[in-house]
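K.L.:
model this:
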Amino acid sequence: MHKKTTLDSGLTVVSHYMPERASVSLGIWVKVGARYEAKNINGISHFLEHLVFKGTKRRSCEELKQAIEGIGGSLNGFTTQELTCYLAKVPAKYLSGALDVLGDMALNANLASEDIETERQVILEEIRMYNDLPSHAVSDLLNEMLWPDEPLGRSISGETKTVGKINRAQLLTYKENFYQLNNIVIVACGNLKHRQLLEECKRCFYPQAKVKRGRFSPVSHKQTGPQTRIQLKDTKQTHLALGFYGLARRDPARFALGLLHVILGANMSSRLFREVREERGLAYEIGTSLKFFQDSGAFVVHAGIDNGRLSEAVEVILEELSKVKKTSVEREELKRAKEYYIGQLLLGLESTCEYMFWLGENFVSLNKFLSPKEVIRKVKEVEASDLKRLANKILDNRSLHLALVGPLKDKNKIRTIKERLVC
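P.N.:
From the prediction side, this is the model:
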């Protein structure tokens, strides 16, 4: 149902026709994110994303917002380690206007000096806000451990010292290097025709002089034993993030890893939720998450733990991880995990916006697309032996990283936890 065309300008256009929807979700995906940044300009991708909304030669900041919100639509943007996306969801009949607005923003932003200084303060407040959130701070701490001295280990928002020094010349150069048509994918899903979208893209996006764009440096995994990092903070809970190196985005085993995630911590039926929260009352929030990058990835357990029961919670988590390595998942549990994975996929793809995210991430990151049927087939092919083999590969204590944020002043308890990680 999806169609893809690359125009002479280098712009890639992807659409998915969903005839029974009243909306169109549109995304301008730029192949650049935080891992493309040099250390001294950490946060520039995110800074630029903010500034794009501040106005162009044709539209002020208010006019940009009103052009979408004034027709009942929504406008947003986000930056990741490898991607930047500007998106709008509008009634289908307003596709042309929404594309014109997004294209104007992405390619013709003013980057006025006064806007840069105003938005700098906004982002600095955003950074301070995240630093005040223990659940966010522990995630940043884990990333630093997984990818030390690497762009992947740095915050997407940047640090106060780097954001405070980024100047207009650097922003203009960065934008010129990456915001080129041959580095952009337009994705639209909903009640639209591909031919219509192509004509609108030809009208809104003019050919540019090509500039050699930058690339990111591949990461290396050098760890040979478990590591622990602690940030002292006066909190009512201890926030925990326990991470292992995972799989790259293209790895064929990623579907099996998705099922392992479901079994261990993706929902209220998962092993960690049941054992840590329901059976022992050690946490309110406990779960797992996956990170996929071009050349790396991570499997993460995250939780907020009773300060007085941290050692017990770590012990229970490690025991559950050990079980899935030693004993094959039973048939019924694997069946439930597959049904959950497939059900969540299909339910998500009912939304034009979620379908646009899925197509965008696939084409921008992989330059290809697996249909829902293909994904479902690959998920159904996973066997219990695949999960056990993968668990032993991924959940290896030699690549274990434990980040903790909380009032951790008892050195004996910390020593006990570190000793347990080595086992």
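K.L.:
what helix or strand is the nearest residue to residue 307 once chain neighbours are set aside on?
P.N.:
With CB to CB, 6 or more residues apart in numbering as the criterion, residue 307 has its nearest non-adjacent residue at 5.3 Å, and that residue is residue 238. For every residue, glycine as well, the C-beta is placed using N, CA and C. Taking DSSP states H and E as the criterion, residue 238 maps to strand 237-245.
K.L.:
Please work out the average pLDDT along that strand.
P.N.:
Averaging pLDDT along strand 237-245 gives 97.
K.L.:
Same question for stretch 274-294.
P.N.:
Stretch 274-294 comes out with an average pLDDT of 96.
K.L.:
So which residues of the stretch 1-150 of the chain form strands?
P.N.:
With DSSP state E, counting those that start in this stretch as the criterion, the stretch 1-150 of the chain has strands at 2-6, 12-17, 23-30, 74-79, 84-91.
K.L.:
Next: the stretch 201-350 of the chain.
P.N.:
Counting by DSSP E, counting those that start in this stretch, the strands of the stretch 201-350 of the chain are 227-232, 237-245, 283-292, 297-306.
K.L.:
orientation of the last one relative to strand 283-292 in degrees?
P.N.:
Spelled out, that is strand 297-306. 170 degrees (axes from the mean of the first three to the mean of the last three CA atoms, to 10 degrees).
K.L.:
Going by contacts, tell me the helices and strands next to strand 297-306.
P.N.:
Based on contacts counted as 3 or more CB pairs under 8 Å, 6 or more residues apart in numbering; DSSP states H and E, the elements that strand 297-306 packs against are helix 134-146, strand 237-245, helix 254-265, strand 283-292, helix 310-326.
K.L.:
Dump the strands of the stretch 1-150 of the chain to JSON lines, plus mean neighbour count.
P.N.:
Formatted as JSON lines, these follow (neighbours: other CB atoms under 10 Å):
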{"stretch": "strand 2-6", "mean neighbour count": "15"}
{"stretch": "strand 12-17", "mean neighbour count": "22"}
{"stretch": "strand 23-30", "mean neighbour count": "26"}
{"stretch": "strand 74-79", "mean neighbour count": "17"}
{"stretch": "strand 84-91", "mean neighbour count": "23"}
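K.L.:
check contacts around the closest residue to residue 97 other than its chain neighbours.
P.N.:
In space, and not counting its chain neighbours, residue 97 is closest to residue 67: 6.6 Å by CB to CB, 6+ apart. Residue 67 makes contact with 59, 97, 101, according to CB atoms under 8 Å, 6 or more residues apart in numbering.
K.L.:
still on that earlier bit, so which of the helices and strands packed on strand 297-306 is nearest residue 159?
P.N.:
Shortest distance between residue 159 and those, using CB to CB, is found for helix 134-146: 10.0 Å.
K.L.:
after the closest one, next one along is what?
P.N.:
Where DSSP H and E defines the elements, the next helix or strand beyond helix 134-146 is helix 160-163.
K.L.:
buried sites along that following helix?
P.N.:
Residues 162, 163 are the ones in helix 160-163 that count as buried (16 or more other CB atoms under 10 Å).
K.L.:
quick one on the thing from earlier: and of the strands of the stretch 201-350 of the chain, who's closest to residue 192?
P.N.:
strand 283-292 (28.8 Å).
K.L.:
What about residue 281, how many residues nearby?
P.N.:
Counted with other CB atoms under 10 Å, residues neighbouring residue 281 total 10.
K.L.:
so how far is residue 107 from it?
P.N.:
Separation of residue 281 from residue 107 (CB to CB, to the nearest Å) stands at 54 Å.
K.L.:
Kindly report the same for residue 89.
P.N.:
Separation of residue 89 from residue 107 (CB to CB): 21 Å.
K.L.:
can you check residue 336 too?
P.N.:
Residue 336 is 47 Å from residue 107, where distance means CB to CB.
K.L.:
Redo the strands of the stretch 201-350 of the chain as TSV? Include distance to residue 27.
P.N.:
Supplementary listing: these in TSV, determined by distance: least, CB to CB, whole Å:
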stretch	distance to residue 27
strand 227-232	36
strand 237-245	29
strand 283-292	19
strand 297-306	23
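K.L.:
residues in contact with the residue nearest the centre of the chain?
P.N.:
Closest residue to the average C-alpha location of the chain: residue 80 at 5.5 Å, with CA atoms, centre = their mean. Residue 80 sits next to 33, 34, 156 when contact means CB under 8 Å, 6+ apart.
K.L.:
Please apply the same query to residue 307.
P.N.:
Listed by CB under 8 Å, 6+ apart, the contact partners of residue 307 are 235, 236, 237, 238, 406, 407.
K.L.:
I'm done for today, thanks for sticking with me.
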